[in-house]
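predicted model follows, preceded by the sequence.
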Amino acid sequence: MSEEEIQVQENTQEESADSLDYKALYLEEVQNAKKQRHRAQEAESTIQDYAKKQEAQKVSSMKEKEQFKELSEELQKQVEGLTPFKERWDNHELEMRESYLAKLPEEDREALQGESLKSLKYIADQIVESKPTPLPSAPNQARVKGDVSSGNVFDKLTQGDLKDNWGDVINSYKEQHKKL
């Protein structure tokens, strides 16, 4: 190929890349993904509905044929299969309830013991958020009200500024210590 043909191909590739509207392509793909997700969800719900209907038909046919013993055995198997999950859930709920109640003041625990788990979580979180956080303590240092991170304001001033405003510095120091 000659140089002119290569240049023409590069120019057409650049033009085609420039003419693509990436945002439109992206939005089109997003819409396609939404459609596919919706179809999959509909298919899953249809399968679940079908399984429920089939189970209901089986139970009703067993009732009609008066096969109560078999029906009872089948339902007992289902109950036995679900019992461990229920026990684990009950234990989990009890642990969560106890942990949320432990965050509450003792005088409120009895009154709130009957609340739902969701309500207890909300109340406990509100109480924890409203508690002030203690100042970090360091040995051999006094606690200071206000912004500790501001540092020494005198370091920011030049020697000339300090000498010129020394009277103001002393007066502000005296006023701060009168308030304490």
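That came through, no problem. None of the values given here were measured: they were computed from a predicted structure.

max-length helix in the protein?
helix 22-64 (DSSP state H).

let me see the mean pLDDT of the helix or strand just after it.
Note on helix 22-64: by DSSP states H and E, the next helix or strand toward the C-terminus is helix 68-103. Helix 68-103 shows a mean pLDDT of 89.

please apply the same query to stretch 166-180.
pLDDT averaged over stretch 166-180 gives 80.

how about stretch 123-140?
Averaging pLDDT along stretch 123-140 gives 74.

how many residues are close by residue 100?
Burial measure for residue 100: 22 neighbouring residues, criterion other C-beta atoms under 10 Å. Bear in mind the C-beta positions are built from the backbone N, C-alpha and C, glycine included.

could the C-alpha coordinates of whichever strand or helix holds residue 120 be exported in CSV?
Taking DSSP H and E as the criterion, residue 120 maps to helix 117-130. Extracted in CSV, the C-alpha atoms of helix 117-130 (Å, rounded to 0.1, in the frame of the first residue of the first chain):
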residue,chain,number,x,y,z
LEU,A,117,-35.7,-5.4,66.0
LYS,A,118,-35.8,-2.6,63.3
SER,A,119,-37.1,0.0,65.9
LEU,A,120,-34.5,-1.1,68.4
LYS,A,121,-31.7,-0.7,65.9
TYR,A,122,-32.9,2.8,64.9
ILE,A,123,-33.2,3.9,68.6
ALA,A,124,-29.8,2.5,69.5
ASP,A,125,-28.1,4.1,66.5
GLN,A,126,-29.7,7.5,67.4
ILE,A,127,-28.5,7.2,71.0
VAL,A,128,-25.0,6.3,69.9
GLU,A,129,-24.8,9.2,67.4
SER,A,130,-26.0,11.7,70.0
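
list the buried residues for that helix?
Buried residues in helix 117-130, counting neighbours by 16 or more other C-beta atoms under 10 Å, are found at 120-121, 123-124.

re earlier: please compute how far the longest helix of the chain lies from its chain's middle.
Its chain's average C-alpha position is 28 Å from that of helix 22-64, according to C-alpha atoms, centre = their mean, to the nearest Å.

quick one: that helix to helix 68-103, angle?
In terms of direction (axes from the mean of the first three to the mean of the last three C-alpha atoms, to 10 degrees), helix 22-64 departs from helix 68-103 by 130 degrees.

next structured bit after the helix holding residue 120?
Using DSSP H and E, the next helix or strand after helix 117-130 towards the C-terminus is helix 159-164.
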